[in-house]
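Engineer: Quick one, what's the 3D model for this:
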Amino acid sequence: MRYRASTMVGGAHGFYDRSMNRLSTLSSLVSGLLVALLLCFAPVTSAQVEQTQQPEDMDVTGEPPPRQFQSQQDNTVDWGPRKGIWRGEIELPDAKVLSFNFVVRFYRDEQNLPYWDIWLRNGVETLPAKLENNNPSYTITFPDTDARIEATINSSNTALGGEYIYTRANSEGENVEYRLPFSAQVSDTRRFEWIEPEDPGEEAEPATLAERWSVTFDRRKGPAVAELHTLPDGINVYGTVMTPTGDDGHLAGTFQNGRLRLSRFTGGSGLLYDGTLEADGTLIGTFRSLAHHAEGFTASPDGDAALPNLFELTRWNDGIEFADLSFRDTRGQEVNLSEIAPQGSPRLIYVMGTWCHNCADATRYLTSVYEQYHDQGLEIVGLAFESPKGFEDQARAVEKYIQSKGVPFQILVAGNRNKAEATERLGALDTVAAYPTVVFVDASGNITGVHQGFVGPAAPTRHAQLRSEFTERIESMLAGQ
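Structural biologist: Predicted structure coming up:
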């Protein structure tokens with residue numbers, strides 16, 4: 001099935017027809033440019049994190065690695081995208097626009113051939129992408145996903161127009177292809193277009209945006225908590241939204257003239273919050289996950305907003321033994337969970353999916369846990385519930401994931417990602433409510449805890465609490481307590 005969003009929303013070449021009169025006043029533009037340059041253009045360093053007042057312990061993930069045989073240069077060819085910061089837009093239904101930033105870097109290799117690479121930027125987060133150059137046509141692909149951008153470039157090599165293409169399984173398990181209009185412009189460092197004040201002759205006083213919010217969604221269940229941090233310019237904002245299943249990762253955006261817009265684009269997923277600050281101090285708006293999911297939200301300032309104890313939400317079913325649970329590895333060999341650890345070794349059972357962005361954070365963390373504690377006897381095994389229906393496609397996705405992320409522990413192919421099917425297939429949990437879920441098993445085979453969801457480094461305080469709780473439980477199991 002194919003869904004072409006261009007029948008619902010505007011065309012793909014909006015940047016070509018937009019004039020500069022949409023910019024705000026010169027002072028707002030200069031302020032926004034300076035902050036966006038700090039966040040998006042230069043390589044992220046610890047010094048920069050301090051300058052932009054990041055929360056303590058904020059992780060910067062995916063920073064571009066140093067190149068040994070190439071040096072970044074100004075474009076010295078008359079074709080190819082211009083080096084620098086770009087702003088992309090993906091047009092969504094209901095006239096919504098998912099804006100994001102990316103950096104194009106230009107090199108010459110050992111043979112003096114031109115080479116470009118691309119890095120997505122979400123605040124302090126940087127993520128790699130790959131550019132295939134068939135000038136004037138370009139394809140941008142992303143790790144661990146089949147999503148892609150297909151675009152053409154204009155004659156001055158300063159603007160791209162085309163489509164963002166991704167596939168998502170619907171509620172019946174049928175794959176739906178979405179094609180959404182995409183456009184991008186070089187040297188546009190803003191996250192979103194500035195909003196003109198209602199009275200152009202007056203500068204609106206910047207409103208105070210609380211840092212912690214209690215959030216209620218129209219469809220998602222359970223409490224949610226937003227952490228928002230406004231930069232010194234009073235416009236640029238970063239943060240995340242946490243739920244009992246995980247967090248939204250690094251969100252970046254703007255708060256201007258009472259309107260808050262936040263986005264995160266990873267290549268395989270795209271999130272957009274668009275809300276308005278009401279007179280009573282609440283935020284009311286819409287949340288979108290690309291074209292396949294939309295719902296309303298209401299947020300209220302709440303300095304005490306907190307998630308429930310994530311160790312108390314999912315239970316291991318009594319009477320289920322590890323000998324009852326077998327899954328195939330990527331080669332198709334049956335593996336029984338009772339065989340994954342030497343007798344007397346504690347273990348973690350990691351319920352996950354290669355498509356899941358919270359699992360990407362969890363995999364990175366559990367890799368470090370494995371490297372720290374494996375020599376002391378800890379074993380970890382992943383159970384991957386995947387989007388493709390067939391085993392072969394699922395196994396390929398898992399094998400690619402293991403290789404690309406350097407996962408040191410075994411991941412078995414467990415079944416389809418549908419949570420009801422996963423609950424039935426696993427049989428050991430009362431429900432698979434979240435990807436990831438981590439089961440703690442002591443040396444005697446007793447279940448000492450089940451942790452639902454994973455809050456990552458985009459929420460540094462809550463993430464540090466999670467790491468502390470995991471460390472305490474793991475070290476207790478290793479000590480035989």
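Engineer: Let me see the mean pLDDT of the strand or helix carrying residue 130.
Structural biologist: Here residue 130 sits within strand 125-134, counting by DSSP states H and E. Mean pLDDT, strand 125-134: 93.
Engineer: For that strand, which residues meet the burial criterion?
Structural biologist: 125-127, 129, 131 (16 or more other CB atoms under 10 Å). Heads up, the C-betas are built off the backbone N, CA and C, glycines and all.
Engineer: Can you list the strands that it pairs with?
Structural biologist: Applying DSSP bridges to the sheet, strand 125-134 is found paired with strand 114-122 (antiparallel), strand 137-141 (antiparallel).
Engineer: Would you format those as JSON lines with distance to residue 241 and mean pLDDT included?
Structural biologist: Output for the strands paired with strand 125-134, formatted as JSON lines (distance: least, CB to CB, whole Å; pLDDT from 0 to 100):
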{"stretch": "strand 114-122", "distance to residue 241": "13", "mean pLDDT": "92"}
{"stretch": "strand 137-141", "distance to residue 241": "27", "mean pLDDT": "95"}
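Engineer: quick one, which of those strands is packed in tightest?
Structural biologist: strand 114-122 (a mean of 20; mean count of other CB atoms under 10 Å).
Engineer: Pull the residues that contact that strand.
Structural biologist: With contacts defined as CB atoms under 8 Å, 6 or more residues apart in numbering, strand 114-122 is touched by 39-40, 62, 64, 70, 76-77, 80-81, 85, 100-109, 126-131, 133, 140, 249-252, 263-267.
Engineer: again, only this time at 7 Å
Structural biologist: 39-40, 64, 70, 77, 80-81, 100-109, 126-129, 131, 133, 140, 250-252, 264-267 (CB atoms under 7 Å, 6 or more residues apart in numbering).
Engineer: re the thing from before, what's the closest of the buried residues of strand 125-134 to residue 276?
Structural biologist: residue 125 (26.1 Å; CB to CB).
Engineer: got the contact list for residue 337?
Structural biologist: So residue 337 contacts 322, 325, 381 (CB under 7 Å, 6+ apart).
Engineer: so where's this structure shaky on pLDDT?
Structural biologist: For the chain, residues meeting the criterion pLDDT under 70 lie at 1-77, 173, 196-207, 481.
Engineer: what's the longest helix in it?
Structural biologist: In the chain, taking DSSP state H as the definition, the longest helix is helix 460-478.
Engineer: what packs against it?
Structural biologist: For helix 460-478, the packing partners by 3 or more CB pairs under 7 Å, 6 or more residues apart in numbering; DSSP states H and E come out as helix 357-373, strand 447-452.
Engineer: May I see those organised as CSV, with distance to residue 425 and mean neighbour count added?
Structural biologist: As requested, the helices and strands packed on helix 460-478 are exported to CSV (distance: least, CB to CB, whole Å; neighbours: other CB atoms under 10 Å):
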stretch, distance to residue 425, mean neighbour count
helix 357-373, 17, 19
strand 447-452, 17, 20
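Engineer: Figure out which of the ones you listed is closest to residue 416.
Structural biologist: helix 357-373 (15.4 Å).
Engineer: export the closest one as PDB, just CAs?
Structural biologist: C-alpha atoms of helix 357-373 as PDB (Å, rounded to 0.1, in the frame of the first residue of the first chain):
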ATOM      1  CA  HIS A 357      14.800   4.500  19.100                       C
ATOM      2  CA  ASN A 358      14.600   3.900  22.900                       C
ATOM      3  CA  CYS A 359      16.200   0.500  22.200                       C
ATOM      4  CA  ALA A 360      19.100   2.300  20.400                       C
ATOM      5  CA  ASP A 361      19.900   4.200  23.700                       C
ATOM      6  CA  ALA A 362      19.400   1.000  25.700                       C
ATOM      7  CA  THR A 363      21.600  -1.100  23.400                       C
ATOM      8  CA  ARG A 364      24.400   1.500  23.700                       C
ATOM      9  CA  TYR A 365      24.100   1.400  27.500                       C
ATOM     10  CA  LEU A 366      23.800  -2.400  27.800                       C
ATOM     11  CA  THR A 367      26.800  -2.800  25.600                       C
ATOM     12  CA  SER A 368      28.800  -0.800  28.200                       C
ATOM     13  CA  VAL A 369      27.200  -2.900  31.000                       C
ATOM     14  CA  TYR A 370      28.300  -6.100  29.300                       C
ATOM     15  CA  GLU A 371      31.800  -4.900  28.700                       C
ATOM     16  CA  GLN A 372      32.100  -3.900  32.400                       C
ATOM     17  CA  TYR A 373      30.500  -7.000  34.100                       C
END
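Engineer: what inclination does the next helix or strand after that helix have with respect to helix 357-373?
Structural biologist: Past helix 357-373, further along toward the C-terminus, the next helix or strand under DSSP H and E is strand 379-386. Angle of strand 379-386 versus helix 357-373, following axes from the mean of the first three to the mean of the last three CA atoms, to 10 degrees, is 160 degrees.
Engineer: Many thanks, I have nothing further to ask.
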